[in-house]
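K.L.:
What would the 3D arrangement of this be:
(chains A and B)
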Amino acid sequence: MSTETLSQLDVDRTRGDFHYPEQHTFDAGSGLSHATVDYISNVKGEPDWIREFRHKALDVFFSKPMPTHWASADLENIIFEKIRYYLANAQRPTRSWDEVPDDVKRTFERLGIPEQERKFLAGVEAQFDSEAVYSNMKKALGDQGVVFVGSTDGLKEHPELFKKWFGKVIPTGDNKFSALNSAVFSGGSFIYVPPGVKVKHPLQAYFRINAENFGQFERTLIIADEGSEVMYMEGCTAPKFETATLHSAVVELVALKGAKIQYVTVQNWSANVFNLVTKRAIAHEEAEVKWIDCNIGSRLTMKYPGVILKGRKARGEVLSIALANNGQHQDTGAKMIHAADETTSNIIAKSISIGKGRSSYRGLVHIPKHLKGCKNNTECDALLINSTSRTDTYPAITVRGSGNSVQHEASVSQVSAEQIFYMQQRGLSEAQAMSLSVNGFVNDLVREFPMEYSVELKRLIDLEMEDSVG
Amino acid sequence: MSLVIHNLHARVVGGQQILRGLNLEIEKGSVHAIMGPNGSGKSTLSKVIAGHPDYEVTAGEVLLDGVNVLGMEPDARSRAGLFLAFQYPVEIPGVSNANFIRAALQARLAAGEELEATEYYGDLYKEMDRLEIPRNFTARSVNEGFSGGEKKRNEVLQMAMLKPAYAILDETDSGLDIDALKVVSAGVNALRGPNLGVLVITHYQRLLDYITPDVVHVLVGGRIVRSAGPELALELEAKGYDWIRDELSEAALAAEPVLA
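P.N.:
From the prediction side, this is the model:
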């Protein structure tokens, strides 16, 4: 394996790299001001409290500096004045694919969404730029009281539930980009699962960016009431444009007593997308929250899914896979905030850096002194494919008190030339050999994934490795 | 039909010359053994034939049934029918043996063709039984945490599954106790036949008690200096390599100038 055979790659995201001409009925124009916020709020016909929430958030956004004192300087390349903050055709999603406009329907058909819906999903929401164009759920779930709609409809149809939890897990001022999202959010999912209801099949949202110079700011809120269970999966793609695109979501999960939430992400943005996302959950007594987070695409991803372990015996888990190819920086990790006795958390993060790709792991584990019987396990493993690849680990673990335990393991390994030669000697091409190595590296984690997603992830890894071998 | 190595010169990339005009012909159906002292170029020969990127060929050719393989990638050589049982098999964490061998077989099929799973596992289990390999082996990662004996059995298993035309066994006896040596040898012997040519590379005669070669060659200084029947191995075992070196020091080595 020589460095020149692993040259630059322009990742072939064959399924995601296409777009149709834009036709937007609603367009907030370029740039960001209080007028932008009013435009969005007017179009959506929002109540005053949300309008005020947005305006306050915008002020917070303006007042906060870029986090470049610890994060990548590449953030400076986001030109907020050039971004378009709201683009939509209609305000309400349809419940039938037949009513979705042809271009948009074709987009989702090429991405395989209606097919997946028929095969194994309990519900689907498909967002195109700023708004969901399609949203549907199996009727039986609706009869059980499960709510699965977009954030706009969530606010309209379930104002009390929405207001009770919205912005409570991630306050506006958590960081500059959560403030930005709070000011201009649109789309995303609102889910409520009533007490004791166990949703057997996953609910899925698909986020698609079609427009250039655009920012997508979906806002998702999932509330799993006592003893309920739900799995939510999200996928995302965009065509590759010359200019930078911004995706900045806020996702809040609330798992009430004994509830279980699994949140699966397979992020495959094109290499011009800044993906700056804040994701956090609150787990009440004996509740379980599991984030499965796969980052394959984007130019820069900064995302550290977290769980606040608020109730006794709550459990939080983050399983994270990041793949950084040439020109990509995957800055990912996890946060576990223990706030009750006997809470446990588990973080397993694996990253792969190829060519000049860079992956960073940032972890925060906090167990205060007054707690008893808390446990955390953290493992982060990095695999470097080339000598030019880079990985960094920034763990921050504050564990106080005597009755708590924490375990941290980290490793860095490299795919060796001997390994590749051995596999080639058995008849595998260099790309197949690399792909097998990488899949082997993430294998124990992928086994934890829902089957459909582990197949998709393997396919994406194969594609990346094919392209990385010249 | 044979594997012909003709006037092979090779060196470490940018480094020392190791093979200096090596000639050898392994006919299909035959077993040849190469013996030689440490540093004579035995392992280099196997790696050069297989296409290891650390070595460069400076002259000569390697013909597999008439086709020169030296311009081919290592994987193409493998698919053309060349198998190398490694002296130090490499660990591949997270990749199960069953998946690895399956991927290697799949790589031999035309695009769009799929390996038939039931048939594959049937073949795999049959070969594993022959090598006394327990069933839980299929789920273990390739060579990870294997004992020396397990690693070598795995090499022979892969050889049995891939059905090469020519196989090179590089010091397959190293790291084996006598019981493992018997099992591995029996595995190789079971594969012997008119469709397979074998080159056994070994430092010690012991292995040749179990895998009886048709021809024994002695490799010294990057060249074959003597070829004879199996009795040559016994002679080497009894007398060591020094007597050949001594004989050569005046005659053969002086006659042919060593390439720099």
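K.L.:
For chain A, which residues are neighbours of chain B?
P.N.:
Neighbours of chain B within chain A, by Cβ under 8 Å from any Cβ of the partner chain: A:1-2, A:416-419, A:421-430, A:432-433, A:436-437, A:439-444. Glycine gets a C-beta too; all of them are placed from N, C-alpha and C.
K.L.:
Please verify my assumption that residue A:211 contacts residue A:129.
P.N.:
Yes - with contact defined as Cβ atoms under 8 Å, residue A:211 reaches residue A:129; the gap is 5.5 Å.
K.L.:
shaky segments in chain B?
P.N.:
B:249-260 (pLDDT under 70).
K.L.:
Go ahead and flag the most central residue of it.
P.N.:
Centroid check for chain B by Cα atoms, centre = their mean gives residue B:168 as the closest residue, at 1.8 Å.
K.L.:
my guess is that residue meets residue B:197, correct?
P.N.:
No - Residue B:168 lies out of contact with residue B:197 (Cβ under 8 Å); the separation is 9.6 Å.
K.L.:
Identify the contacts common to those two.
P.N.:
Between them, residue B:168 and residue B:197 share no contacting residue under Cβ atoms under 8 Å, 6 or more residues apart in numbering or on different chains.
K.L.:
What is the neighbour count of the closest residue to residue A:343 other than its chain neighbours?
P.N.:
Leaving out its chain neighbours, the residue that sits closest to residue A:343 by Cβ to Cβ, 6 or more residues apart in numbering or on different chains is residue A:309, at 3.7 Å. Using other Cβ atoms under 10 Å in any protein chain shown, residue A:309 has 32 neighbouring residues.
K.L.:
now swap in the one 5 residues further on and tell me
P.N.:
Each residue near residue A:314 was counted by other Cβ under 10 Å, and the total is 29.
K.L.:
correct me, but it touches residue A:343?
P.N.:
Yes - under the criterion of Cβ under 8 Å, residue A:314 makes contact with residue A:343 at 4.9 Å.
K.L.:
what's the overlap in contacts for the two?
P.N.:
When contacts are counted by Cβ under 8 Å, 6+ apart, the set common to residue A:314 and residue A:343 consists of residue A:283.
K.L.:
what does the stretch 151-260 of chain B put close to chain A?
P.N.:
Checking the stretch 151-260 of chain B against chain A by Cβ under 8 Å from any Cβ, the hits are B:158, B:162.
K.L.:
and the residue of chain A nearest chain B?
P.N.:
Among all residues of chain A, residue A:440 sits closest to chain B, at 3.0 Å; criterion: Cβ to the nearest Cβ.
K.L.:
Now do the contacts for that residue.
P.N.:
For residue A:440, the residues meeting the contact criterion (Cβ under 8 Å, 6+ apart) are B:92-95, B:141.
K.L.:
Around the nearest residue to it once chain neighbours are set aside, how many other residues sit close by?
P.N.:
Closest residue in space to residue A:440, ignoring its immediate chain neighbours: residue B:94 at 3.0 Å, by Cβ to Cβ, 6+ apart. Look at residue B:94: counted by other Cβ under 10 Å, it has 20 neighbours.
K.L.:
pLDDT score assigned to the residue nearest to residue A:343?
P.N.:
We have a pLDDT of 98 for residue A:309.
K.L.:
Tell me which helix or strand the residue of chain B found nearest chain A sits in.
P.N.:
Nearest to chain A in chain B, going by Cβ to the nearest Cβ, is residue B:94, at a distance of 3.0 Å. Here residue B:94 sits within strand B:92-96, counting by DSSP states H and E.
K.L.:
same for the next helix or strand after that strand, what does it pack against?
P.N.:
Reading on from strand B:92-96 to the C-terminus, the next helix or strand found by DSSP H and E is helix B:97-106. Contact partners of helix B:97-106 among helices and strands, from 3 or more Cβ pairs under 8 Å, 6 or more residues apart in numbering or on different chains; DSSP states H and E: helix A:430-446, helix B:117-130, strand B:141-142, helix B:148-162.
K.L.:
want to try JSON lines for the ones you listed, with distance to residue A:72 as columns?
P.N.:
Supplementary listing: these in JSON lines, determined by distance: least, Cβ to Cβ, whole Å:
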{"stretch": "helix A:430-446", "distance to residue A:72": "24"}
{"stretch": "helix B:117-130", "distance to residue A:72": "45"}
{"stretch": "strand B:141-142", "distance to residue A:72": "35"}
{"stretch": "helix B:148-162", "distance to residue A:72": "44"}
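K.L.:
Which of the ones you listed sits closest to residue A:113?
P.N.:
helix A:430-446 (22.0 Å; Cβ to Cβ).
K.L.:
Compute the number of surrounding residues for residue B:172.
P.N.:
By the criterion of other Cβ under 10 Å, residue B:172 has 26 neighbours.
K.L.:
Please apply the same query to residue A:351.
P.N.:
Quick note: residue A:351 (other Cβ under 10 Å) scores 30 neighbours.
K.L.:
next one: residue A:18
P.N.:
15.
K.L.:
Check the gap between it and residue B:182 for me.
P.N.:
61 Å (Cβ to Cβ, to the nearest Å).
K.L.:
same deal with residue A:174?
P.N.:
For residue A:174, the distance to residue B:182 equals 67 Å [Cβ to Cβ].
K.L.:
So between these two, which is more surrounded?
P.N.:
residue A:174 (18 against 13).
K.L.:
And the pLDDT at that one?
P.N.:
Looking at residue A:174, its pLDDT reads 97.
K.L.:
Test my guess that it contacts residue A:304.
P.N.:
No - taking contacts as Cβ under 8 Å, residue A:174 lies outside contact range of residue A:304: 11.1 Å.
K.L.:
which residues touch stretch B:117-127?
P.N.:
Outside stretch B:117-127, the residues touching it (Cβ under 8 Å, 6+ apart) are B:98, B:101-102, B:105, B:135, B:138, B:157, B:160-161.
K.L.:
can you check stretch A:162-178 too?
P.N.:
With contact meaning Cβ under 8 Å, 6+ apart, stretch A:162-178 is reached by A:49, A:53, A:56-57, A:60-61, A:64-67, A:154-155, A:179, A:182, A:190, A:221, A:223, A:248, A:250, A:252-254, A:276-278, A:280-282, A:302, A:308.
K.L.:
Among these, which ones are in strands?
P.N.:
Those of the contacts of stretch A:162-178 mapping onto strands are A:190, A:221, A:223, A:250, A:252-254, A:276-278, A:280-282, A:302, A:308, per DSSP state E.
K.L.:
Which two of those residues have the greatest separation?
P.N.:
A:223 and A:302 (25.9 Å).
K.L.:
Now do stretch A:195-202: everything it contacts.
P.N.:
Residues contacting stretch A:195-202 (Cβ under 8 Å, 6+ apart): A:120-122, A:138, A:141, A:144-146, A:193, A:225-233, A:264, A:450.
K.L.:
What are the boundaries of the helices in the chain?
P.N.:
Here I'm looking at chain A. Listed in chain order, the helices of chain A (DSSP state H) span A:34-44, A:48-63, A:102-110, A:113-120, A:139-143, A:151-157, A:159-165, A:176-184, A:417-425, A:430-446, A:451-468.
K.L.:
looking at chain B here, not the other one
P.N.:
B:42-50, B:74-79, B:97-106, B:117-130, B:148-162, B:178-191, B:206-210, B:231-239, B:242-250, B:252-255.
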